[in-house]
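[1] okay, sequence plus prediction incoming.
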Amino acid sequence: MIRMNQKAFILIQGRNSMKYTHVVHGKFVRRMNRFVAEVEIDGRLEAVHVKNTGRLMDLLVTGAKVYLEVTRNAARKHRYSIIAVEKDGTIVNIDSQAPNMVVYEAIRDGKVNELGEIRTLKREAVYGNSRFDLYFEGDGKKGFIEVKGVTLARDDTAMFPDAPTSRGTKHILELMEAANEGYEGVIFFLLQMKGCRRFIPNREMDGPFADALKEAVKNGIRVLVYDAQVSETTIEIGVPLAADIM
């Protein structure tokens, strides 16, 4: 049995893009823990929320230019949240909530040709003991999609994950279980940046994830990789890229 849950997002929905409402610039100082960093904004130091629990060691370096969304929620502990970082002149979105919505809107609007015609598309589908990001039906098939946001890039190669992720490996194994029961399975990597030519799993960081992904592809799970067009206030779907999984 499949159960659906429509998850609320803070961002404004646009056609194949996400738009942040009030963005300011700052200079990154240090990361205090997984969720909080210190940033210089208009000459003063502020404790801000980090919208990504990954390591982001190549991005969140002292002196980096960061883009922060200003919350309108007076009850929030931190007034600012880091949504993007500038690296070598390229803006990289680090908001871990953005990829799901960007991919959802792109598929909904027929921008992901590899999936064919999709008639039904739902967010947060629970199947058995598993929870998948998206459920779809169309062209005589039905299946689940797991979306992974990618923020790590070296030269022209994007990699995932940037930190060990037992949860990510679990998602792949659950997707294979669903595929064994007749569902299509798709793992969708959205690069939250431009400038890369290919994608590979980050085996050095997480061997079990890389092994699970390789096994999934052998068993018919599809891997899709797209980059994104990112500005200081928006992120939208880009173009498909090559993936070297095996």
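    Sure, I can see it.

[2] off-centre distance for stretch 193-213?
    13 Å (CA atoms, centre = their mean, to the nearest Å).

[3] if we go by neighbour counts, what in that stretch is buried?
    The neighbour-count check on stretch 193-213 (16 or more other CB atoms under 10 Å) flags 193, 196, 199-202, 205-206, 209-210, 212-213 as buried. From N, CA and C alone the C-beta is placed, and that goes for glycine too.

[4] just those residues: which are in helices?
    Among these, DSSP state H puts 209-210, 212-213 in helices.

[5] as a markdown table, the buried residues of stretch 193-213 with pLDDT and distance to Lys148 would be great.
    Listed next are the buried residues of stretch 193-213 as a markdown table, based on pLDDT from 0 to 100; distance: CB to CB, whole Å:
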| residue | pLDDT | distance to Lys148 |
| --- | --- | --- |
| Met193 | 98 | 14 |
| Cys196 | 97 | 14 |
| Phe199 | 98 | 10 |
| Ile200 | 98 | 13 |
| Pro201 | 98 | 10 |
| Asn202 | 97 | 11 |
| Met205 | 96 | 13 |
| Asp206 | 97 | 12 |
| Phe209 | 98 | 10 |
| Ala210 | 98 | 13 |
| Ala212 | 97 | 12 |
| Leu213 | 98 | 10 |
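
[6] check these and tell me the two furthest apart.
    Met193 and Ala212 (24.5 Å; CB to CB).

[7] wait, Ile187 sits on Gly220?
    No - under the criterion of CB atoms under 8 Å, Ile187 makes no contact with Gly220, lying 11.7 Å away.

[8] got the CA positions of whichever strand or helix holds Gly26 in PDB?
    Counting by DSSP states H and E, the element that carries Gly26 is strand 23-31. Written as PDB, here are the backbone C-alpha positions of strand 23-31 (Å, rounded to 0.1, in the frame of the first residue of the first chain):
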ATOM      1  CA  VAL A  23      18.500  37.500   0.400                       C
ATOM      2  CA  VAL A  24      21.500  39.300   1.800                       C
ATOM      3  CA  HIS A  25      25.300  38.800   1.300                       C
ATOM      4  CA  GLY A  26      27.800  37.900   4.000                       C
ATOM      5  CA  LYS A  27      31.300  36.600   4.600                       C
ATOM      6  CA  PHE A  28      31.700  33.100   6.100                       C
ATOM      7  CA  VAL A  29      33.800  33.000   9.300                       C
ATOM      8  CA  ARG A  30      33.400  29.600  10.800                       C
ATOM      9  CA  ARG A  31      31.100  26.600  11.300                       C
END
